[in-house]
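[1] Give me a model of this one.
(chains A and B)
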Amino acid sequence: MDAINALRREERITLSLRALYEQYGYRKYRMGKFEEYELYTENKSFLNHSNIITFHDLDGTVLAMKPDVTLSIAKNTRATARSTEKVYYLENVYWLEKQSGGYRETSQLGLECIGKLDAMAYFEVLCLAQETLAAISGSHRMQVSHIGFWVSLLEGLGIQEALRQEVLDCLKGKKMHELKSLLEKASVPPAAADMILKAAGLCGEFAQTLKSARQLALSAGMTQALDELEAVYGLLLQKDCAGQMILDFSLVNDIDYYDGLIFQGFVEGVPRALLTGGSYGKLLRKFGRDLDAVGFAVYLNELDHLFRARGGADVDALILYNPADGLDAVLSQAEALRAQGLRVRTEKHRPEGIRASKIYRFSADGLKEAGEDA
Amino acid sequence: MLNIALPKGRLGDQVYALFSKIGYDCGAIYENDRRLVLESPENDVRYLLVKPSDVAIYVEYGAADIGVVGKDILLDGNPDVYELMDLGIGKCRICVAGPEDYVEDRERVLRVATKFTTVAKKYYSSKNREIEIIKLNGSIELAPILGLTDVIVDIVESGRTLKENHLKVLETIVPISARLIANRASYLFENELISQLTQKLQEVLPQ
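    Numbers count the residues shown, from 1 in each chain, chains lettered A, B, ... in the order given. Have a look, this model is predicted:
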């Protein structure tokens, strides 16, 4: 048995995901704990959380504890039109928790692919997102959408910016009833309103939904968005990993940053999205780089929901000994068990708060089973 | 099995009547005891009876797959859930109310008593009106009577409580009704059960 199995489940998952990303040629990206605060004030709506921990550096610069990793990677990318950058990261980020009203440090794992990207790159990231979910739980689902489809549809119908935001808010909550009355109130012509409502309801099996969406495509932008989805879907089919994906056009994200494919991953037992991702070329262009970008983040703290209840023993074997019986013999017994891959703890007295699968008592006669906790 | 969070009280009773009508009956609910979890294995549902203002929390955190909650609570707490349907029951509105002879003094900061602090803040900031909020949890109508605040922002159903306290509606902020909400993950993993339920609801609700 491998010694790695002695680690907690979350840690093993993290390691196996890192290995997965390395297999696809992604390199680990390591960054400083702090970032200049200005980066976040200029890109506020890119962040899910607007509260950030800040402090002054000795020279007076305002620094922040990172609430996000993607912004830092995008700002500092070395990618060019001919050279794609593929990186993954495992970093701690800091944000305000709504319920408790306090800051929290959480661990985030993710990857970014920046350059001039094609369907292959988008497919690869989507596929890695899918494999990430599969590594965490056998029961997982992914929602996929395309923000370009919506931008093009709303622009084509002449929907003003303020109303556009309200439409997107309704989509996010699948509030079809509110969307309907919103469009009525804003005097959107019935034909246009009908089209928006139809598009909002597009959700289901990938190929079928794509087909229904085609019937609504009234502009080159919408067709292009659907072509992109279809190209990626073709590759997903080839790798046989499209089964857990649904196409859901009610999934949207900030249109100032995201411009193409977007997705969210769920595993059964975690009440929120465990993984979110998308292509954010617009952010790169804000930084003055004419490049595409796609990536995703996994919120490792959410795994708590999954593994907390399962409990289990802290060690496989607890050996209780009396020093008078000879430490050499205790050591060799413990080593023999460890060689079998077990987690073994040796103690003179029973430690508090430690659950052992098996408890052994060591005496001159050797090791004797003395009970079990879990 | 579908876990449904229902608000305890009058709205919950109405919602249960609606749900039992479309086949989600649960005999245990009539036993009128103090149980908070009632199960109907034959109909594949479990009802959780919770405080109305907590329904959205149970759903957002996945303890319930779906729930029914007043729009007022959704507006004030802004939980991250799907809002699938307007059930058209429990209708009322969030209003600004003040004394019958109230005349607003635009030169002063407006003092507002409410439990809907987010709704009040958003409403007045959209009107560019500076306000001071005093958060109260009940008997809000007392605040202007005692001169604690100028106006209140509260739920108005028939307007009787206001009238009996010599207050009147000054402005309507937003109409309210009960909404069917769903947890985002449950919506994916229990999609079949949730779709069945929404479809049945759609059939019995007036369009």
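[2] How about the one residue in chain A that gets nearest to chain B, nearest residue that isn't a chain neighbour?
    Using Cβ to the nearest Cβ, residue A:271 is the residue of chain A that sits closest to chain B, at 2.7 Å. Every residue, glycine included, has its C-beta placed from N, CA and C. Excluding the flanking residues, the one nearest residue A:271 by Cβ to Cβ, 6 or more residues apart in numbering or on different chains is residue B:62, at 2.7 Å.
[3] contacting residues around the one you found?
    Taking Cβ atoms under 8 Å, 6 or more residues apart in numbering or on different chains, we find residue B:62 in contact with A:270, A:271, A:272, A:305, B:183, B:185, B:186.
[4] Show me the contact partners of the helix or strand hosting residue A:163.
    Per DSSP states H and E: residue A:163 is located in helix A:161-172. For helix A:161-172, contacts defined as Cβ under 8 Å, 6+ apart pick out A:150, A:154, A:159, A:175-176, A:178-179, A:182-183, A:186, A:188, A:196, A:200, A:249-252, A:255.
[5] Now do the residue of chain B found nearest chain A, the pLDDT please.
    Ranked by Cβ to the nearest Cβ, the top residue of chain B for proximity to chain A is residue B:62, at 2.7 Å. pLDDT, residue B:62: 95.
[6] What strands line up against the lengthiest strand in chain B, and which way round?
    Secondary structure of chain B per DSSP state E: the longest strand is strand B:167-176. Sheet pairing of strand B:167-176 (DSSP bridges) gives strand B:92-99 (antiparallel).
[7] Format the CA atom coordinates belonging to the strand it pairs with as PDB.
    Output of strand B:92-99 as PDB, limited to C-alpha atoms (Å, rounded to 0.1, in the frame of the first residue of the first chain):
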ATOM      1  CA  CYS B  92     -48.900  41.800  -0.300                       C
ATOM      2  CA  ARG B  93     -46.500  44.600  -0.900                       C
ATOM      3  CA  ILE B  94     -43.600  46.400   0.700                       C
ATOM      4  CA  CYS B  95     -44.600  50.000   1.200                       C
ATOM      5  CA  VAL B  96     -43.400  53.200   2.800                       C
ATOM      6  CA  ALA B  97     -46.000  54.300   5.300                       C
ATOM      7  CA  GLY B  98     -46.300  57.200   7.600                       C
ATOM      8  CA  PRO B  99     -48.700  59.200   9.800                       C
END
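[8] Run the chain-centre distance for it.
    15 Å (Cα atoms, centre = their mean, to the nearest Å).
[9] Same check on stretch A:7-20?
    Worked out by Cα atoms, centre = their mean, stretch A:7-20 lies 14 Å from the chain centre.
[10] which other residues reach it?
    Contacts for stretch A:7-20 (Cβ under 8 Å, 6+ apart): A:4-5, A:28, A:88, A:90, A:109, A:128, A:131-132, A:135-136, A:298, A:300, A:303, A:307.
[11] Among the residues you listed, which lie within helices?
    By the criterion of DSSP state H, membership of these in helices covers A:128, A:131, A:132, A:135, A:136, A:303, A:307.
[12] okay, the residues you listed in CSV with neighbour count, distance to chain B and pLDDT next?
    As requested, the ones in helices among the contacts of stretch A:7-20 are exported to CSV (neighbours: other Cβ atoms under 10 Å in any protein chain shown; distance: Cβ to the nearest Cβ, whole Å; pLDDT from 0 to 100):
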residue, neighbour count, distance to chain B, pLDDT
A:128, 22, 20, 95
A:131, 18, 18, 94
A:132, 26, 16, 95
A:135, 16, 18, 92
A:136, 26, 13, 93
A:303, 22, 14, 87
A:307, 15, 15, 79
